[in-house]
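Peer 1: turn this into a structure:
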Amino acid sequence: MMQHQLAILARFRPEVLERILRVTRHRGFQISSMTMDHMPDGDNVNIQMTVNSQRPLALLYSQLAKLSDVSEVEIKEQESRLLRTQSAM
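Peer 2: Numbers count the residues shown, from 1 in each chain. Okay, here's the model as predicted:
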């Protein structure tokens, strides 16, 4: 199973988190960790999410980007984790 990290910038609305969770589940991804912080402007939230799946990440990325209250979706690199795994071998 592949693990991916996403950073999502979205408008702070009561339903935005529910929509993100629903899309993630419907696309076959499991959330292993998630944090949400209010941005200093008060109108937006920053969501950091780690997901697991054998499905291509593009399936989730494209659907999250289509949500009306989501303004940005960024895929974070996992380089440090890969380096630690390789050096441990």
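
Peer 1: right, and residue 9 touches residue 65 too?
Peer 2: No - using Cβ atoms under 8 Å, residue 9 is not in contact with residue 65; the gap is 11.0 Å. Quick note: C-beta positions are derived from backbone N, CA and C, even for glycine.

Peer 1: what do these two both touch?
Peer 2: Listed as contacting both residue 9 and residue 65 by Cβ atoms under 8 Å, 6 or more residues apart in numbering are residue 73.

Peer 1: residue 12 against residue 46, yeah?
Peer 2: No - judged on Cβ under 8 Å, residue 12 makes no contact with residue 46 at a distance of 10.1 Å.

Peer 1: who's residue 38 bridged to?
Peer 2: On the basis of DSSP bridges, residue 38 is bridged to residue 45.

Peer 1: which residues of this protein fall in strands?
Peer 2: For the chain, the strands defined by DSSP state E occupy 2-11, 30-38, 44-53, 70-76.

Peer 1: the shortest one pairs with which strands?
Peer 2: Using DSSP bridges, the strands paired with strand 70-76 in its sheet are strand 2-11 (antiparallel).
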